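Enquirer: Quick one, structure for this:
(one chain, ligands or ions: 2)
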Amino acid sequence: TELTWGAAQNVMTVLEENGFEAVIVGGAVRDHLLHKKPNDVDVATSALPQQVKSVFKKTIDVGIEHGTVLIVDFDEPVEVTTFRTEGTYSDHRRPDEVQFVRSLAEDLKRRDFTINAMAIRPDGTLVDLFGGQNDLDKRLIKAVGEAEERFSEDALRIIRAIRFSAQLDFKIEEKTALAMTKTADFLQDIAVERLKAEFDKIFLSAHIYNAMRIIEQYTIAKKLPGDYDHVSKWLNFQSISDAKSGWAHWCILTNSREVLSLFKCSNDEKLFAKQVMQCYEILLTGAPTKLELFQLDEDCWLNALNSYTIIQGNEHELAQSILKLKAELPIHNKNEIQVDGKQLMQWSGRKGGPWLREVLDEILNKVLEKELPNDEQMIKEWFTDEWNV
Ligand code: ATP
Ligand code: MG
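Expert: Ligands and ions are numbered 1, 2, ... in the order given. Now for the predicted structure:
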(Lines give C-alpha, C1' and ligand atoms only; values in the text may rest on other atoms or scores of the structure.)
(Ligands and ions follow the chains in the order given, each with its own letter.)
Protein backbone atom coordinates (compact mmCIF):
# COMPACT_ATOMS: atom_id res chain seq x y z
CA THR A 1 0.00 0.00 0.00
CA GLU A 2 1.03 3.54 -0.74
CA LEU A 3 2.25 5.34 2.35
CA THR A 4 1.82 9.05 2.71
CA TRP A 5 4.05 10.20 5.51
CA GLY A 6 5.18 13.25 3.56
CA ALA A 7 8.49 14.67 4.70
CA ALA A 8 8.80 11.96 7.37
CA GLN A 9 9.06 9.38 4.59
CA ASN A 10 12.01 11.30 3.11
CA VAL A 11 13.65 11.50 6.53
CA MET A 12 13.34 7.74 7.02
CA THR A 13 14.74 7.06 3.56
CA VAL A 14 17.86 9.15 4.25
CA LEU A 15 18.41 7.47 7.62
CA GLU A 16 18.03 3.99 6.12
CA GLU A 17 20.41 4.84 3.26
CA ASN A 18 22.95 5.69 5.92
CA GLY A 19 22.51 2.32 7.58
CA PHE A 20 20.25 3.34 10.46
CA GLU A 21 16.89 2.02 11.50
CA ALA A 22 14.04 4.54 11.26
CA VAL A 23 10.33 4.23 12.01
CA ILE A 24 7.20 6.31 12.52
CA VAL A 25 6.18 6.12 16.17
CA GLY A 26 3.60 7.16 18.70
CA GLY A 27 0.52 9.25 17.99
CA ALA A 28 0.91 9.21 14.21
CA VAL A 29 0.78 5.40 14.11
CA ARG A 30 -2.27 5.36 16.37
CA ASP A 31 -4.07 8.01 14.35
CA HIS A 32 -3.14 6.34 11.05
CA LEU A 33 -4.63 3.03 12.20
CA LEU A 34 -7.77 4.91 13.30
CA HIS A 35 -7.95 6.57 9.87
CA LYS A 36 -7.51 9.95 11.53
CA LYS A 37 -5.23 12.75 10.45
CA PRO A 38 -2.25 12.80 12.83
CA ASN A 39 -1.27 15.95 14.72
CA ASP A 40 2.40 15.53 13.95
CA VAL A 41 4.46 12.69 12.52
CA ASP A 42 7.37 11.65 14.73
CA VAL A 43 10.29 9.58 13.55
CA ALA A 44 12.38 7.42 15.88
CA THR A 45 15.79 6.13 14.87
CA SER A 46 18.75 4.05 15.97
CA ALA A 47 21.07 6.90 14.91
CA LEU A 48 22.53 8.97 17.73
CA PRO A 49 21.67 12.70 17.67
CA GLN A 50 25.06 13.64 16.25
CA GLN A 51 24.69 11.00 13.55
CA VAL A 52 21.22 12.34 12.71
CA LYS A 53 22.67 15.83 12.39
CA SER A 54 25.46 14.61 10.15
CA VAL A 55 23.21 13.03 7.49
CA PHE A 56 20.90 16.04 6.95
CA LYS A 57 21.66 19.48 5.59
CA LYS A 58 19.57 21.59 7.95
CA THR A 59 18.72 20.59 11.48
CA ILE A 60 17.67 22.39 14.63
CA ASP A 61 18.46 21.18 18.14
CA VAL A 62 15.03 21.30 19.71
CA GLY A 63 15.67 18.83 22.51
CA ILE A 64 19.01 17.32 21.89
CA GLU A 65 19.43 16.26 25.53
CA HIS A 66 16.41 13.97 25.06
CA GLY A 67 17.71 12.93 21.65
CA THR A 68 15.34 15.05 19.55
CA VAL A 69 16.49 16.88 16.43
CA LEU A 70 14.26 18.78 14.03
CA ILE A 71 14.97 18.14 10.34
CA VAL A 72 14.11 21.06 8.07
CA ASP A 73 15.54 19.75 4.78
CA PHE A 74 12.09 19.02 3.35
CA ASP A 75 8.81 20.84 2.81
CA GLU A 76 7.70 20.19 6.40
CA PRO A 77 9.81 20.02 9.57
CA VAL A 78 10.13 16.52 11.06
CA GLU A 79 11.12 15.62 14.61
CA VAL A 80 13.56 12.74 14.85
CA THR A 81 14.27 11.16 18.22
CA THR A 82 16.95 8.61 18.96
CA PHE A 83 15.67 5.33 20.46
CA ARG A 84 15.91 5.81 24.17
CA THR A 85 14.91 4.48 27.53
CA GLU A 86 14.34 6.52 30.61
CA GLY A 87 16.35 6.01 33.76
CA THR A 88 14.87 6.00 37.22
CA TYR A 89 12.22 8.49 38.26
CA SER A 90 12.69 9.95 41.69
CA ASP A 91 10.11 12.74 41.45
CA HIS A 92 7.12 11.13 39.69
CA ARG A 93 7.48 13.41 36.71
CA ARG A 94 10.85 13.45 34.97
CA PRO A 95 13.35 10.70 34.38
CA ASP A 96 16.64 11.37 36.14
CA GLU A 97 18.41 10.73 32.86
CA VAL A 98 17.64 9.38 29.41
CA GLN A 99 19.71 6.66 27.84
CA PHE A 100 20.09 6.19 24.12
CA VAL A 101 19.64 2.60 23.02
CA ARG A 102 20.00 0.71 19.75
CA SER A 103 16.79 -1.29 19.94
CA LEU A 104 13.35 -0.14 18.87
CA ALA A 105 11.77 -2.60 21.33
CA GLU A 106 13.42 -0.82 24.26
CA ASP A 107 12.13 2.51 23.00
CA LEU A 108 8.56 1.27 22.58
CA LYS A 109 8.59 -0.21 26.08
CA ARG A 110 9.03 3.22 27.73
CA ARG A 111 5.92 4.62 26.05
CA ASP A 112 2.77 5.21 28.04
CA PHE A 113 -0.12 3.26 26.47
CA THR A 114 -0.26 0.27 24.14
CA ILE A 115 -2.06 2.33 21.47
CA ASN A 116 0.83 4.84 21.62
CA ALA A 117 3.58 2.22 21.63
CA MET A 118 3.45 0.97 18.05
CA ALA A 119 5.76 1.79 15.15
CA ILE A 120 5.51 1.60 11.37
CA ARG A 121 8.59 0.81 9.31
CA PRO A 122 9.33 2.63 6.05
CA ASP A 123 8.03 -0.39 4.09
CA GLY A 124 4.69 -0.12 5.91
CA THR A 125 5.03 -3.03 8.34
CA LEU A 126 3.54 -2.50 11.77
CA VAL A 127 5.61 -3.16 14.89
CA ASP A 128 3.16 -3.94 17.67
CA LEU A 129 4.81 -5.57 20.67
CA PHE A 130 2.18 -4.87 23.33
CA GLY A 131 -1.12 -5.57 21.61
CA GLY A 132 -1.78 -1.96 20.63
CA GLN A 133 -3.78 -2.88 17.54
CA ASN A 134 -5.97 -5.18 19.61
CA ASP A 135 -6.60 -2.41 22.16
CA LEU A 136 -7.42 0.00 19.37
CA ASP A 137 -10.03 -2.49 18.14
CA LYS A 138 -11.39 -2.87 21.66
CA ARG A 139 -11.22 0.90 22.17
CA LEU A 140 -9.14 0.59 25.31
CA ILE A 141 -6.45 2.69 26.92
CA LYS A 142 -4.04 0.31 28.59
CA ALA A 143 -0.68 1.00 30.18
CA VAL A 144 2.43 -0.60 28.72
CA GLY A 145 3.80 -2.95 31.38
CA GLU A 146 2.93 -2.63 35.07
CA ALA A 147 0.37 0.15 35.23
CA GLU A 148 1.02 1.21 38.81
CA GLU A 149 4.73 1.41 38.17
CA ARG A 150 4.22 3.44 35.00
CA PHE A 151 1.97 6.00 36.70
CA SER A 152 4.35 6.22 39.66
CA GLU A 153 7.23 6.98 37.31
CA ASP A 154 5.34 9.81 35.66
CA ALA A 155 1.99 10.89 37.03
CA LEU A 156 1.26 13.04 33.98
CA ARG A 157 0.35 9.73 32.32
CA ILE A 158 -2.75 9.63 34.55
CA ILE A 159 -4.13 12.77 33.02
CA ARG A 160 -2.91 11.73 29.56
CA ALA A 161 -5.00 8.56 29.86
CA ILE A 162 -8.00 10.68 30.74
CA ARG A 163 -7.28 13.04 27.85
CA PHE A 164 -7.08 10.17 25.34
CA SER A 165 -10.38 8.78 26.61
CA ALA A 166 -11.94 12.17 25.86
CA GLN A 167 -10.32 12.49 22.43
CA LEU A 168 -10.90 8.93 21.24
CA ASP A 169 -14.00 7.98 23.25
CA PHE A 170 -12.08 4.96 24.58
CA LYS A 171 -12.54 3.23 27.93
CA ILE A 172 -9.67 2.77 30.32
CA GLU A 173 -8.70 -0.84 30.85
CA GLU A 174 -9.56 -2.13 34.31
CA LYS A 175 -6.07 -2.63 35.77
CA THR A 176 -4.92 0.64 34.29
CA ALA A 177 -7.90 2.42 35.86
CA LEU A 178 -7.26 0.85 39.23
CA ALA A 179 -3.63 1.93 39.09
CA MET A 180 -4.68 5.50 38.26
CA THR A 181 -6.73 5.70 41.45
CA LYS A 182 -3.89 4.20 43.48
CA THR A 183 -1.24 6.60 42.20
CA ALA A 184 -3.35 9.77 41.94
CA ASP A 185 -1.48 11.33 44.89
CA PHE A 186 1.54 11.80 42.64
CA LEU A 187 -0.40 14.23 40.48
CA GLN A 188 0.53 16.81 43.08
CA ASP A 189 4.11 16.65 41.79
CA ILE A 190 3.09 17.66 38.26
CA ALA A 191 3.48 21.30 37.24
CA VAL A 192 0.07 22.90 36.84
CA GLU A 193 1.05 24.19 33.38
CA ARG A 194 1.35 20.61 32.15
CA LEU A 195 -2.01 19.70 33.68
CA LYS A 196 -3.56 22.71 32.03
CA ALA A 197 -2.18 21.71 28.62
CA GLU A 198 -3.98 18.37 29.01
CA PHE A 199 -7.23 20.07 30.05
CA ASP A 200 -6.97 22.35 27.02
CA LYS A 201 -6.85 19.23 24.86
CA ILE A 202 -9.78 17.75 26.79
CA PHE A 203 -11.82 20.90 26.13
CA LEU A 204 -11.10 20.62 22.41
CA SER A 205 -12.07 16.95 22.37
CA ALA A 206 -15.39 15.44 21.35
CA HIS A 207 -16.02 13.67 24.68
CA ILE A 208 -15.23 16.08 27.51
CA TYR A 209 -17.74 14.29 29.71
CA ASN A 210 -15.68 11.06 29.59
CA ALA A 211 -12.79 12.90 31.17
CA MET A 212 -14.82 14.59 33.89
CA ARG A 213 -16.62 11.35 34.75
CA ILE A 214 -13.39 9.40 35.06
CA ILE A 215 -11.85 12.10 37.24
CA GLU A 216 -14.81 11.93 39.58
CA GLN A 217 -15.43 8.18 39.57
CA TYR A 218 -11.81 7.17 40.02
CA THR A 219 -11.45 9.57 42.96
CA ILE A 220 -8.84 11.59 41.14
CA ALA A 221 -10.79 14.82 41.63
CA LYS A 222 -9.37 15.51 45.08
CA LYS A 223 -5.83 15.32 43.72
CA LEU A 224 -6.39 17.86 40.96
CA PRO A 225 -7.01 21.60 41.01
CA GLY A 226 -10.64 22.58 40.42
CA ASP A 227 -14.12 21.56 41.42
CA TYR A 228 -15.66 18.43 39.90
CA ASP A 229 -19.12 18.56 41.49
CA HIS A 230 -20.96 19.23 38.24
CA VAL A 231 -19.89 16.29 36.11
CA SER A 232 -23.28 15.74 34.48
CA LYS A 233 -23.24 19.34 33.26
CA TRP A 234 -20.42 18.47 30.89
CA LEU A 235 -22.49 15.79 29.16
CA ASN A 236 -23.59 17.79 26.14
CA PHE A 237 -20.96 20.45 26.28
CA GLN A 238 -18.90 21.17 23.17
CA SER A 239 -16.42 24.01 22.99
CA ILE A 240 -17.68 26.46 20.42
CA SER A 241 -14.69 28.76 20.03
CA ASP A 242 -11.74 26.85 21.47
CA ALA A 243 -10.39 25.59 24.79
CA LYS A 244 -11.31 28.88 26.44
CA SER A 245 -14.98 27.93 26.01
CA GLY A 246 -14.37 25.01 28.33
CA TRP A 247 -12.72 27.16 30.97
CA ALA A 248 -15.61 29.64 30.79
CA HIS A 249 -18.19 26.86 31.15
CA TRP A 250 -16.34 25.59 34.21
CA CYS A 251 -16.55 29.07 35.75
CA ILE A 252 -20.28 29.24 35.11
CA LEU A 253 -20.82 25.80 36.65
CA THR A 254 -19.01 26.79 39.82
CA ASN A 255 -20.18 30.40 39.74
CA SER A 256 -16.57 31.37 40.34
CA ARG A 257 -13.44 32.14 38.37
CA GLU A 258 -11.22 30.39 40.88
CA VAL A 259 -10.43 27.54 38.50
CA LEU A 260 -8.70 30.00 36.17
CA SER A 261 -6.13 31.01 38.73
CA LEU A 262 -5.71 27.44 39.99
CA PHE A 263 -4.71 26.37 36.46
CA LYS A 264 -2.79 29.57 35.71
CA CYS A 265 -4.97 30.45 32.76
CA SER A 266 -3.88 33.35 30.54
CA ASN A 267 -5.23 36.89 30.87
CA ASP A 268 -7.03 36.39 27.59
CA GLU A 269 -8.79 33.29 28.96
CA LYS A 270 -9.62 35.16 32.17
CA LEU A 271 -11.16 38.11 30.36
CA PHE A 272 -13.14 35.81 28.11
CA ALA A 273 -14.55 33.80 31.02
CA LYS A 274 -15.46 37.00 32.85
CA GLN A 275 -17.42 38.25 29.85
CA VAL A 276 -19.14 34.92 29.23
CA MET A 277 -20.20 34.90 32.89
CA GLN A 278 -21.58 38.43 32.45
CA CYS A 279 -23.61 37.29 29.44
CA TYR A 280 -24.85 34.28 31.37
CA GLU A 281 -25.99 36.44 34.30
CA ILE A 282 -27.86 38.70 31.90
CA LEU A 283 -29.55 35.73 30.22
CA LEU A 284 -30.65 34.42 33.61
CA THR A 285 -32.51 37.63 34.35
CA GLY A 286 -34.08 37.91 30.92
CA ALA A 287 -32.86 39.75 27.85
CA PRO A 288 -29.85 42.02 27.34
CA THR A 289 -30.17 45.74 26.75
CA LYS A 290 -28.91 47.10 23.44
CA LEU A 291 -25.85 48.42 25.25
CA GLU A 292 -25.06 44.98 26.73
CA LEU A 293 -25.60 43.38 23.34
CA PHE A 294 -23.20 45.91 21.86
CA GLN A 295 -20.53 45.64 24.55
CA LEU A 296 -20.15 41.88 24.74
CA ASP A 297 -18.81 39.88 21.78
CA GLU A 298 -20.76 37.38 19.71
CA ASP A 299 -18.51 34.61 20.95
CA CYS A 300 -19.34 35.42 24.55
CA TRP A 301 -23.07 35.38 23.91
CA LEU A 302 -22.90 32.10 22.03
CA ASN A 303 -20.88 30.49 24.78
CA ALA A 304 -23.23 31.77 27.45
CA LEU A 305 -26.27 30.50 25.53
CA ASN A 306 -24.57 27.15 25.09
CA SER A 307 -23.89 26.88 28.83
CA TYR A 308 -27.43 28.06 29.54
CA THR A 309 -28.96 25.25 27.46
CA ILE A 310 -26.86 22.64 29.23
CA ILE A 311 -27.36 23.95 32.75
CA GLN A 312 -31.03 24.89 32.51
CA GLY A 313 -31.95 21.94 30.33
CA ASN A 314 -33.72 24.10 27.76
CA GLU A 315 -32.80 26.75 25.25
CA HIS A 316 -32.96 30.41 26.17
CA GLU A 317 -35.56 32.28 24.14
CA LEU A 318 -32.78 34.30 22.52
CA ALA A 319 -30.72 31.24 21.53
CA GLN A 320 -31.68 31.45 17.88
CA SER A 321 -31.91 35.21 17.55
CA ILE A 322 -28.98 36.69 19.43
CA LEU A 323 -26.71 37.08 16.39
CA LYS A 324 -29.49 38.71 14.41
CA LEU A 325 -30.26 41.12 17.27
CA LYS A 326 -26.62 42.02 17.50
CA ALA A 327 -26.31 42.46 13.74
CA GLU A 328 -29.33 44.77 13.75
CA LEU A 329 -27.72 47.27 16.13
CA PRO A 330 -27.23 50.62 14.38
CA ILE A 331 -23.49 50.53 15.09
CA HIS A 332 -21.00 47.80 16.00
CA ASN A 333 -18.01 49.82 17.06
CA LYS A 334 -17.62 52.89 19.24
CA ASN A 335 -15.66 54.73 16.59
CA GLU A 336 -18.70 54.65 14.30
CA ILE A 337 -20.33 57.38 16.43
CA GLN A 338 -20.37 60.54 14.33
CA VAL A 339 -19.18 62.88 17.10
CA ASP A 340 -16.17 62.79 19.41
CA GLY A 341 -15.00 64.46 22.62
CA LYS A 342 -13.22 67.24 20.74
CA GLN A 343 -16.46 68.36 19.12
CA LEU A 344 -18.33 68.27 22.43
CA MET A 345 -15.67 70.55 23.95
CA GLN A 346 -15.83 72.89 20.97
CA TRP A 347 -19.63 73.14 21.03
CA SER A 348 -19.80 73.70 24.79
CA GLY A 349 -16.63 75.71 25.24
CA ARG A 350 -15.88 73.52 28.25
CA LYS A 351 -12.59 71.86 29.09
CA GLY A 352 -12.23 68.07 29.08
CA GLY A 353 -13.13 66.07 32.18
CA PRO A 354 -15.23 63.17 33.44
CA TRP A 355 -18.33 64.82 31.97
CA LEU A 356 -17.08 63.99 28.48
CA ARG A 357 -17.12 60.23 29.06
CA GLU A 358 -20.56 60.57 30.60
CA VAL A 359 -22.02 62.42 27.62
CA LEU A 360 -20.34 60.14 25.08
CA ASP A 361 -21.75 57.10 26.90
CA GLU A 362 -25.20 58.66 26.87
CA ILE A 363 -24.92 59.37 23.15
CA LEU A 364 -23.78 55.81 22.51
CA ASN A 365 -26.72 54.45 24.47
CA LYS A 366 -29.23 56.71 22.70
CA VAL A 367 -27.86 55.80 19.29
CA LEU A 368 -28.04 52.09 20.14
CA GLU A 369 -31.61 52.48 21.43
CA LYS A 370 -32.40 54.45 18.27
CA GLU A 371 -33.53 57.40 20.37
CA LEU A 372 -30.99 59.49 18.51
CA PRO A 373 -29.84 59.07 14.92
CA ASN A 374 -26.13 58.63 14.42
CA ASP A 375 -25.81 61.98 12.66
CA GLU A 376 -23.50 64.82 13.59
CA GLN A 377 -26.07 67.58 13.20
CA MET A 378 -28.79 65.73 15.16
CA ILE A 379 -26.42 64.82 17.94
CA LYS A 380 -25.21 68.43 18.15
CA GLU A 381 -28.79 69.66 18.45
CA TRP A 382 -29.59 67.17 21.18
CA PHE A 383 -26.38 68.04 23.02
CA THR A 384 -26.77 71.81 22.95
CA ASP A 385 -30.39 71.40 23.98
CA GLU A 386 -29.90 68.89 26.75
CA TRP A 387 -26.75 70.40 28.18
CA ASN A 388 -27.86 74.03 27.88
CA VAL A 389 -24.90 75.28 25.92
P1 ATP B 1 -1.09 14.06 20.22
O2 ATP B 1 -2.15 13.72 19.27
O3 ATP B 1 -1.58 14.88 21.36
O4 ATP B 1 0.16 14.61 19.62
P5 ATP B 1 0.60 11.85 20.91
O6 ATP B 1 0.29 10.42 21.22
O7 ATP B 1 1.40 12.12 19.69
O8 ATP B 1 -0.76 12.65 20.90
P9 ATP B 1 2.61 13.28 22.30
O10 ATP B 1 2.53 13.99 23.60
O11 ATP B 1 2.85 14.05 21.07
O12 ATP B 1 1.32 12.40 22.18
O13 ATP B 1 3.76 12.19 22.49
C14 ATP B 1 4.23 11.35 21.43
C15 ATP B 1 4.45 9.95 21.94
O16 ATP B 1 5.43 9.94 22.97
C17 ATP B 1 3.23 9.28 22.55
O18 ATP B 1 2.41 8.67 21.57
C19 ATP B 1 3.87 8.28 23.49
O20 ATP B 1 4.30 7.13 22.79
C21 ATP B 1 5.09 9.00 23.99
N22 ATP B 1 4.85 9.77 25.22
C23 ATP B 1 4.50 11.06 25.34
N24 ATP B 1 4.39 11.44 26.62
C25 ATP B 1 4.69 10.35 27.35
C26 ATP B 1 4.78 10.07 28.75
N27 ATP B 1 4.51 11.03 29.65
N28 ATP B 1 5.13 8.83 29.13
C29 ATP B 1 5.41 7.87 28.23
N30 ATP B 1 5.34 8.05 26.90
C31 ATP B 1 4.99 9.27 26.46
MG1 MG C 1 2.09 14.00 19.01
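
Enquirer: Now the element after the top helix by length along the chain, going C-ward?
Expert: If you go by DSSP state H, the chain has its longest helix at helix 267-285. Tracing the chain past helix 267-285, the next element assigned as helix or strand by DSSP states H and E is helix 290-295.

Enquirer: average pLDDT for that next one?
Expert: Regarding helix 290-295, the rounded mean pLDDT is 97.

Enquirer: can you list the residues that contact that helix?
Expert: Contacts to helix 290-295, defined as Cβ atoms under 8 Å, 6 or more residues apart in numbering, come from residues 282, 301, 322, 325-326, 329, 331-332, 364-365, 368-369. In this view, the C-beta of every residue, glycine as well, is placed from N, C-alpha and C.

Enquirer: got the buried residues for it?
Expert: Buried residues in helix 290-295, counted by 16 or more other Cβ atoms under 10 Å: 290, 293-295.

Enquirer: Now do the contacts for the closest residue to ligand 2 within the stretch 251-389 of the chain.
Expert: Nearest to ligand 2 in the stretch 251-389 of the chain, going by Cβ to the ion, is F263, at a distance of 21.7 Å. Contacts of F263 were listed using Cβ under 8 Å, 6+ apart, and they are 192, 195-196, 199, 225-226, 247.

Enquirer: could you redo the last one with a cut-off of 10 Å?
Expert: Residues near F263 by Cβ atoms under 10 Å, 6 or more residues apart in numbering: 192-193, 195-197, 199-200, 224-226, 247, 250, 269.

Enquirer: Please produce CSV containing the contacts of helix 290-295, extended by secondary structure and pLDDT.
Expert: CSV is the format used below for these (DSSP: H, G, I helix; E, B strand; the rest coil; pLDDT from 0 to 100):
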residue, secondary structure, pLDDT
I282, helix, 98
W301, helix, 98
I322, helix, 96
L325, helix, 96
K326, helix, 96
L329, coil, 97
I331, coil, 96
H332, coil, 95
L364, helix, 97
N365, helix, 96
L368, helix, 97
E369, coil, 96
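
Enquirer: In the stretch 1-150 of the chain, what residue comes closest to ligand 2?
Expert: For the stretch 1-150 of the chain, Cβ to the ion, closest residue to ligand 2: G27, 3.8 Å.

Enquirer: What about that residue, how many residues nearby?
Expert: G27: 17 surrounding residues under other Cβ atoms under 10 Å.

Enquirer: wait, it sits on V41?
Expert: Yes - if you go by Cβ atoms under 10 Å, G27 and V41 touch, sitting 8.7 Å apart.

Enquirer: The residue of the stretch 1-150 of the chain closest to ligand 2 and E79, how far apart?
Expert: When distance is defined by Cβ to Cβ, to the nearest Å, G27 is 11 Å away from E79.

Enquirer: Could you tell me which residues touch both of these two?
Expert: Jointly contacting G27 and E79 under the rule Cβ under 10 Å, 6+ apart are 40-42.
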